[in-house]
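Enquirer: Sequence and predicted structure are below.
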Amino acid sequence: MSVLDIKLDRSFDVFDSDRDGRLVKSDVIGLSDRLAESLGLAPDAVAGLRESLADLWDTVFQAMDKNDDGGVDRQEFRAAFRARIITDRNRIWERIRTMSNAWTELADRDRDGMLSRDEYTSLLHGMFRLPRETFDEAFDRLDADGDGQLSRDEISSAMKEYYTSENHSAPGNQFFGRL
């Protein structure tokens with residue numbers, strides 16, 4: 001299995017909130033509710049993220065459903081995401097950047113425009129239910145300028161690298177923890 005397949009499987013698992021092996025719109029949008037709950041925010045506080053996730057479903061994920069059964073299975077996700085990255089690079093990155101900016105804004109509790117280690121860990125733990133320890137090494141790898149914080153550009157660059165790099169040791173490949 002390629003590095004990209006491993007990363008795509010991990011992404012699929014992140015979005016598949018009920019772990020039934022199928023992605024449906026409620027799985028994807030549900031990430032915003034999990035984040036609100038984990039950060040102690042009112043559901044209205046994540047409206048922007050909810051909208052960006054709904055747009056991601058409507059414009060990207062829904063088109064992955066090749067057998068028209070109303071959901072996306074792992075194989076459909078892998079094949080379509082690979083093709084989408086190649087053919088629709090700019091539009092998909094705009095949507096991913098919008099989503100990552102919404103995450104950053106919600107997690108940025110001190111409103112300095114950056115994510116500290118604790119803010120980053122709380123964000124990913126809250127959304128993806130992965131152990132907090134998973135993100136310590138990831139944070140160090142993603143902090144490109146070594147200032148102890150992640151900027152929106154560092155986060156966006158890491159996500160782009162995560163979905164495009166076949167280099168196992170690329171820093172962005174650690175975004176969701178060690179591969």
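Expert: On my side now, so go ahead. From a predicted model like this one, the values you see are computed outputs, not experimental measurements.
Enquirer: Report pLDDT for residue 66.
Expert: Here the pLDDT value assigned to residue 66 is 91.
Enquirer: same question, the one 3 residues further on
Expert: Reported pLDDT at residue 69 in the predicted model: 94.
Enquirer: Could you report the neighbour count for it?
Expert: When neighbours are counted by other C-beta atoms under 10 Å, residue 69 registers 11. Heads up, the C-betas are built off the backbone N, CA and C, glycines and all.
Enquirer: and what of residue 127?
Expert: Residues near residue 127, counting by other C-beta under 10 Å, number 23.
Enquirer: Let me know the helix or strand that it is in.
Expert: Secondary-structure element containing residue 127, defined by DSSP states H and E: helix 117-128.
Enquirer: From the rest of the structure, what touches that helix?
Expert: Residues from elsewhere that reach helix 117-128, judged by C-beta atoms under 8 Å, 6 or more residues apart in numbering: 14, 31, 34-35, 37-39, 103-104, 106-110, 115, 130-132, 134-136, 139, 148, 150, 176.
Enquirer: Try it again at 7 Å.
Expert: Around helix 117-128, the neighbours that count as contacts under C-beta atoms under 7 Å, 6 or more residues apart in numbering are 14, 31, 34-35, 38-39, 103, 107-109, 115, 130, 132, 135, 139, 150, 176.
Enquirer: Over to stretch 47-67?
Expert: 23, 25, 28-29, 31-32, 35, 71-72, 76-77, 80, 84, 92, 95, 98-99, 102-103, 106.
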